[in-house]
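Participant: Have a look at this prediction, sequence included:
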Amino acid sequence: IPIYLNARQAAAPESRAPGGDARLRLALEGVHPLHRGDVWCEALDAGGKKNACAVSYEAYLDRGARGDANAPARAASVRRDAESAFACHPRFARATAPRWRACSRDSGDATTDGDEWDDRGSESGSASSRAASTRRTADYCLLDALERVCVAHAARSPHGHSAAACTVAGVLLLVTEDEEKCFWMLTCFAEDVAPWAFFPCHTGLLTECLAFDELVTQKLPHLAKTCAAASVRPSLLCAGWLAKLGANSLPGESVSRLWDALVLEGGDVLPHAAVAFLKVEGDAALEEAARSSPEGGHRSDGDASAIGAPYVSGAALLDAAERSAAAHFATDDVVADAVFQARAARERVDWARARADVTRRVATRRASVASFARLLELFREKTRVSDPETETETATATATAANAPIRRDAFASLVAASYVAES
């Protein structure tokens, strides 16, 4: 056992708890790849979540594979996202037909061949027994295991399946090589570490992006002004960080070091890590984007006050930020800065107030869109009732144009009446 693990195990319980010094040291120094799976599992308390749940992984897999009428559509969605999550990774390249596909079929229709599940040694032939026979030793190709984990997670999650689950589960499978452990760790990510990344409506991701924009405006005002001039939100420069927790955007070891901090310190480290990355690589990305922009990085739009000023196009800025993230940068410095900034932000009222304000704005916009959609539906129902039954779909354009002002007035009256009733 390495010295740092011995020191962590010998530390006081309060030091090993979230926010403790032992976790801080491990987040700053990083976890050895050979012990990363065990350390992450313990830090996430995946075992505690498993023991606290009355439903097993095998039961979730059975429920997700053929528990309801939506199982075939769910399986198809999981298969599509799983195959595209790590399309270029050799361990997620399938050479044969998916062996778990028989799980999604009724037992009366299931046929067994050499490429699918072999349940001849099982009397029940259920998805759980078939999964248990292969879960103990991970094959080189992890795509089948990834699909099974995501199907089980979709059955447990109240939001159903999300594309982010495939990305997170894929990284966890590479680290743990254990299907069941990966499932419970994925559950911890979806319920505790970064639940906003797994919402199907993406309102949580929108909230994180707007909060990140506020953070960049505070920490890097020059970069924020450049992004505003290029009509690019700062969150778009780090879209891969926020949408997929850095996976598929950063080098492999950089993703592991970032997730060390996320697991040990909490999900609020992520936006601070992205800001720390922009601190380190932002100037170089701006210079590269200026060289790639039209007119050699100088304005020539006729504005006398702007001629000669640095100009960066939005497309060049996004490409430069993406290339900087894919290259090898000072990951340890970025993670260390992010951890300390996240700990300091937890004690600041202004940051909590800014996040609460962003959450309120997103909730208001979502409610407004839902209200507008409902009003539009009511208006369409009203017009269908008021129109004569003999009206055909081949009405002339003149009649449609003549009725347009009446329909607009009717819709305006409906909107006004709804606001009066609400007030």
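Facilitator: Sure thing, it's come through.
Participant: pretty sure P294 is in contact with G314, am I right?
Facilitator: No - with contacts counted by Cβ atoms under 8 Å, P294 stays clear of G314, the gap being 11.7 Å. Any C-beta I mention is one placed from the backbone N, CA and C, and that applies to glycine too.
Participant: Which one of those two is surrounded by more residues?
Facilitator: Neighbour count, other Cβ atoms under 10 Å: between P294 and G314, G314 has more, with 16 against 11.
Participant: Select the longest helix from the chain.
Facilitator: Looking across the chain with DSSP state H, the single longest helix is helix 349-386.
Participant: How about that helix, which residues are buried there?
Facilitator: By neighbour count with 16 or more other Cβ atoms under 10 Å, helix 349-386 contains the buried residues 351, 354-355, 358-359, 362, 375, 379.
Participant: Then stretch 318-337?
Facilitator: 318, 320-322, 324-325, 329, 331, 334-337.
Participant: now, which of the residues you listed sits nearest V232?
Facilitator: L318 (6.6 Å; Cβ to Cβ).
Participant: List the contacts of the closest one.
Facilitator: Contact criterion Cβ atoms under 8 Å, 6 or more residues apart in numbering gives 232, 236-237 as the residues in contact with L318.
Participant: before we move on, what about A197?
Facilitator: By Cβ under 8 Å, 6+ apart, the neighbours of A197 are 162, 164, 168, 189-190, 204-205, 242-245.
Participant: quick one, phi psi at L250?
Facilitator: phi -110, psi 160 (degrees, to the nearest 10).
Participant: Go ahead and confirm it touches S256.
Facilitator: No - using Cβ under 8 Å, L250 makes no contact with S256, being 9.4 Å away.
Participant: residue ranges with poor pLDDT in the stretch 51-200 of the chain?
Facilitator: 95-138 (pLDDT under 70).
Participant: for the stretch 151-300 of the chain, what spans make up the helices?
Facilitator: All helices of the stretch 151-300 of the chain, identified by DSSP state H, counting those that start in this stretch, fall at 163-176, 179-188, 203-219, 221-229, 234-237, 239-244, 252-265, 269-292.
Participant: Now tabulate those in TSV and tack on distance to A342.
Facilitator: As requested, the helices of the stretch 151-300 of the chain are arranged in TSV below (distance: least, Cβ to Cβ, whole Å):
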stretch	distance to A342
helix 163-176	20
helix 179-188	18
helix 203-219	11
helix 221-229	20
helix 234-237	17
helix 239-244	14
helix 252-265	6
helix 269-292	5
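Participant: how about these, which one is nearest R366?
Facilitator: Nearest of the helices of the stretch 151-300 of the chain (Cβ to Cβ): helix 203-219, 5.7 Å.
Participant: Show me what that closest one is packed against.
Facilitator: Where contact means 3 or more Cβ pairs under 8 Å, 6 or more residues apart in numbering; DSSP states H and E, helix 203-219 is packed against helix 221-229, helix 234-237, helix 239-244, helix 269-292, helix 349-386.
Participant: Relative to L28, tell me which of these wins on proximity.
Facilitator: Of those, nearest to L28 by Cβ to Cβ is helix 269-292, at 11.6 Å.
Participant: Could you check how far the closest one is from the centre of its chain?
Facilitator: 21 Å (Cα atoms, centre = their mean, to the nearest Å).
Participant: Please name every helix or strand in contact with the longest helix of the chain.
Facilitator: Against helix 349-386 (3+ Cβ pairs under 8 Å, 6+ apart) you get helix 203-219, helix 397-422.
Participant: Contacts only, for C41.
Facilitator: 47, 176, 181, 184-185 are the contacts of C41 under Cβ under 8 Å, 6+ apart.
Participant: Just the buried ones out of those, please.
Facilitator: By 16+ other Cβ under 10 Å, the contacts of C41 give 176, 181, 184-185 as buried.
Participant: Widest-spaced pair of the residues you listed?
Facilitator: Longest span within these, Cβ to Cβ: T176 and W184, 10.0 Å.
Participant: out of the helices and strands packed on helix 203-219, which comes closest to F198?
Facilitator: Of all these, helix 239-244 comes closest under Cβ to Cβ, at 11.3 Å.
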